[in-house]
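S.K.: coords below, sequence missing:
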């Protein structure tokens, strides 16, 4: 690898101050540090540093997302062939291939558009390229319906990166989770492509569907009728919902794969288990309250929806994906340890509340997380104020004992 | 009444090259230096000129702000050079040592009759006063102040740190004399913290006139700041605690019992690049080249006076710092690493498990000085808190320093900290934030505005 490094060193002067491509230095630096962890040594403070850096952190999150991504690709294929009524003739590979044809372009568009904007901003501001988008770029395709036109995806990415992140100063400074900003933008800008029965399964073209086929998600059914359809294949059985062989956004369906991701994040110490655990507790609390009061609901649909066992709420829709991968985003979540408990609990609580009470938004986790993103600094503020008050109180008692 | 303290937040970095508990032979250093940069918020003035002959205990430099505070010569000899840096900042005052040290004579043996004022005068005159530092700020104590208590930490949990129980061996009488003197300086207690993880030296356990505590846990459990935080915290502006290292207590004891300033120290030579890590007899300010001779594994090394988290980068013929008890030698990690951020492990240590190094059996590593990444904005949360055993919010405090919000710095507890207390935060930081430098900036600002 010496050759590559020598080449980089040789062309470096062109990008440094006074060089031909001085303005492109952030881009050059980005690629250089991507290929080589630089030879920088500690020059102030500790002479020894932990082996981790932000690139490593981001890569670990991407590794944690891979099970959900691969399953998502398979499921796109499987749901497609299921809709055509030919699922039992298709092999695992057929499903994956069909799914990759649909999903990989989404990933490419997300990264290409997002990174292009990041690079442009870095060159414009003369900043180093930050790694934040590596994860955001993977999250965005996983939380979109597979039938979303690619140009809509691109517009959402532009909105998320520019308005969600760069205007606040880039990675580490944003208030809202950028990936969810992309989704919420698409959700309100192109509602017909983001919800309903048609978007979750790719059935474009002239292929004929099986009779009476509905592509609605579990939550779609519940919001409409309060019950899940009980067909012969038991599409919406708890087992299927846990495994993820149901329609939904690309990466959100399989609770099992998300749990594998959660395990990786918690083991690596990168995702906050406090947020995940308290989120689940919050959701069970709200679900439990609904179970208790289900009989008092206004309409029969709502009665049925509220009566869905609380634990089943955890395996439907995007709840699991949101609580594991989005709510734990360290930049937009609460930053104090006590704050994380409160933040996670409220995300889970509001997610189920919005989901059940608001038929216009069949999934509540997205709005719940965005809402709590806004409130996270406030939660932190009160946690920190608590610490300050405690210190002042101790100082006072110390003074009193000294005077006594 | 002694209290036990168990620290759970922290980490022991598995660094190779722990000093073996035996005293090595090395030629006595020929050149010694006092470095004004070892002292925070200290502006030096010279008491000597190049060519002057001095005895051990004769003043070399004094403080511009309080001309009573002075550093004296650790050995007798000739002042050969006053080294200056940018803007004529004084860096080193070098003394070429005589073969046989001549000592300036101080009164002795009258400790029991000495009152507080006279004692302070004695400590100031002999140059032992600067061993006493204060919290907040970690600066040299002011003779005009009265601290609410004095802390001595006899636990060193720093990476490859000199074992305090080993270095004071056999010095019971001098240590006790030093303690008795310190007890006169405060109306409060003298707190002595010993290790709760092994049997402490009886120099410490049999010391009288002290409040004995036992502390156990990973680094920074041995930091005096942690002990102050738990036993007698600094909660507001005006609270004052003094602290001093055990070996320096012995130097004070020697001054009072034997009447001379003889600042000897047993120092640890440690680190992955040292052939035979062990202890050496040294003297404050000694040139380290004699003990480093034939001991280095390679040329591409960094010599640190002090431990790897808080020490000062010195050259191979640099000088032992005023408060330091160890020399650590590391390899310079100045090699680029191809896709280093993607490699499963490598020669690195991390408190997170995102590197697979946690899978291999626990053994000591020859870690180097590479940053393993570049500086970024704060992103990851909760990692400082894992190695920071204070009831303080470290990230929020640093942010308040970055925006120079003095009111919040004060409220968030900056008075309780100096760099060494946050050194592990800097070590673990994913975003490679210069934590210690930032904290000192905040301390300077607070001292200037409020101190």
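M.R.: Arrived safely. No experiment lies behind these values; they were computed from the predicted model shown.
S.K.: contacting residues around the closest residue to chain A within the stretch 101-250 of chain B?
M.R.: When distances are taken as C-beta to the nearest C-beta, the stretch 101-250 of chain B reaches nearest to chain A at residue B:235, 3.7 Å away. C-beta coordinates here come from the backbone N, C-alpha and C atoms, glycine included. Contacts for residue B:235 (C-beta atoms under 8 Å, 6 or more residues apart in numbering or on different chains) come out as A:391, A:392, A:394, A:395, A:398, B:415.
S.K.: in which helix or strand would I find the second one?
M.R.: Think residue A:392. Element membership for residue A:392, per DSSP states H and E: helix A:365-403.
S.K.: elements contacting that helix?
M.R.: For helix A:365-403, the packing partners by 3 or more C-beta pairs under 8 Å, 6 or more residues apart in numbering or on different chains; DSSP states H and E come out as helix A:178-189, helix A:337-357, helix B:406-411.
S.K.: Out of those helices, the one nearest residue A:249 is which?
M.R.: With respect to residue A:249, and counting by C-beta to C-beta, the nearest of those is helix A:178-189 at 8.5 Å.
S.K.: Of all the residues in the next helix or strand along the chain from the closest one, which ones are buried?
M.R.: Sequence-wise, the next helix or strand downstream of helix A:178-189 (DSSP H and E) is helix A:191-194. Buried residues in helix A:191-194, counting neighbours by 16 or more other C-beta atoms under 10 Å in any protein chain shown, are found at A:193, A:194.
S.K.: What is helix A:191-194 packed up against?
M.R.: Counting contacts by 3+ C-beta pairs under 8 Å, 6+ apart, helix A:191-194 packs against helix A:178-189.
S.K.: Need the contact partners of the helix it packs on.
M.R.: Helix A:178-189 is contacted by residues A:132-133, A:135-136, A:139-140, A:143-144, A:148, A:152-153, A:155-157, A:159-161, A:163-165, A:193-195, A:326, A:366-367, A:369-370, A:373 when judged by C-beta under 8 Å, 6+ apart.
S.K.: buried residues in that helix?
M.R.: Here helix A:178-189 shows A:178, A:179, A:180, A:181, A:182, A:183, A:184, A:185, A:186, A:187 as buried, counting by 16+ other C-beta under 10 Å.
S.K.: now those as TSV including pLDDT and distance to residue A:45?
M.R.: Formatted as TSV, the buried residues of helix A:178-189 follow (pLDDT from 0 to 100; distance: C-beta to C-beta, whole Å):
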residue	pLDDT	distance to residue A:45
A:178	94	31
A:179	94	34
A:180	94	36
A:181	95	35
A:182	95	38
A:183	94	40
A:184	93	41
A:185	95	41
A:186	94	44
A:187	91	45
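S.K.: from the residues you listed, which two are the most distant?
M.R.: Greatest spatial distance among these (C-beta to C-beta): A:178 and A:187, at 14.8 Å.
S.K.: quick one, what contacts residue B:376?
M.R.: Residue B:376 neighbours (C-beta under 8 Å, 6+ apart): A:53, A:54, A:128, A:130, A:131, A:171, A:172, B:430, B:431, B:432.
S.K.: And the residue of the stretch 101-250 of chain A that's closest to chain B?
M.R.: For the stretch 101-250 of chain A and chain B, the shortest gap (C-beta to the nearest C-beta) falls at residue A:172, measuring 3.0 Å.
S.K.: should've said chain A
M.R.: Closest contact between chain A and chain B, by C-beta to the nearest C-beta, is at residue A:53 (2.4 Å).
S.K.: Count the neighbours of that residue for me.
M.R.: Using other C-beta atoms under 10 Å in any protein chain shown, residue A:53 is surrounded by 27 other residues.
S.K.: residues contacting it?
M.R.: Counting by C-beta under 8 Å, 6+ apart, the residues that residue A:53 touches are A:37, B:341, B:372, B:373, B:374, B:376, B:430, B:432.
S.K.: got those as CSV, with secondary structure columns?
M.R.: Putting these into CSV (DSSP: H, G, I helix; E, B strand; the rest coil) gives the following:
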residue, secondary structure
A:37, strand
B:341, coil
B:372, coil
B:373, coil
B:374, coil
B:376, coil
B:430, coil
B:432, coil
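S.K.: which among the residues you listed gets closest to residue B:110?
M.R.: Using C-beta to C-beta, residue B:432 is the member of those that sits closest to residue B:110, with 54.2 Å.
S.K.: excluding its backbone neighbours, what's nearest that closest one?
M.R.: Once flanking residues are discounted, residue B:432 sits nearest to residue B:375: 4.6 Å by C-beta to C-beta, 6 or more residues apart in numbering or on different chains.
S.K.: Spell out the secondary structure type for the one you found.
M.R.: Assigned with three-state DSSP, residue B:375 falls in the coil class.
S.K.: tally of neighbours for it?
M.R.: For residue B:375, the count of nearby residues is 14 (other C-beta under 10 Å).
S.K.: give the contact list for it.
M.R.: The contact partners of residue B:375, taken as C-beta under 8 Å, 6+ apart, are B:431, B:432, B:433, B:434.
S.K.: Residue A:23 now?
M.R.: Neighbour list for residue A:23: residue A:123 [criterion: C-beta under 8 Å, 6+ apart].
S.K.: so what's residue B:361 scoring on pLDDT?
M.R.: pLDDT for residue B:361: 66.
S.K.: picking up where we left off before, give me the subset of the contacts of helix A:178-189 lying in helices.
M.R.: Within these, residues falling in helices by DSSP state H are A:132-133, A:135-136, A:139-140, A:152-153, A:155-157, A:159, A:193-194, A:366-367, A:369-370, A:373.
S.K.: Residue A:117 against residue A:160, yeah?
M.R.: No: counting by C-beta atoms under 8 Å, residue A:117 stays clear of residue A:160, with 9.4 Å between them.
S.K.: Between those two, tell me which one has more neighbours.
M.R.: Neighbour count, other C-beta under 10 Å: between residue A:117 and residue A:160, residue A:160 has more, with 31 against 18.
S.K.: which non-adjacent residue is nearest the residue of the stretch 301-450 of chain B found nearest chain A?
M.R.: As assessed by C-beta to the nearest C-beta, chain A sits closest to residue B:373 within the stretch 301-450 of chain B, at 2.4 Å. Excluding the flanking residues, the one nearest residue B:373 by C-beta to C-beta, 6+ apart is residue A:53, at 2.4 Å.
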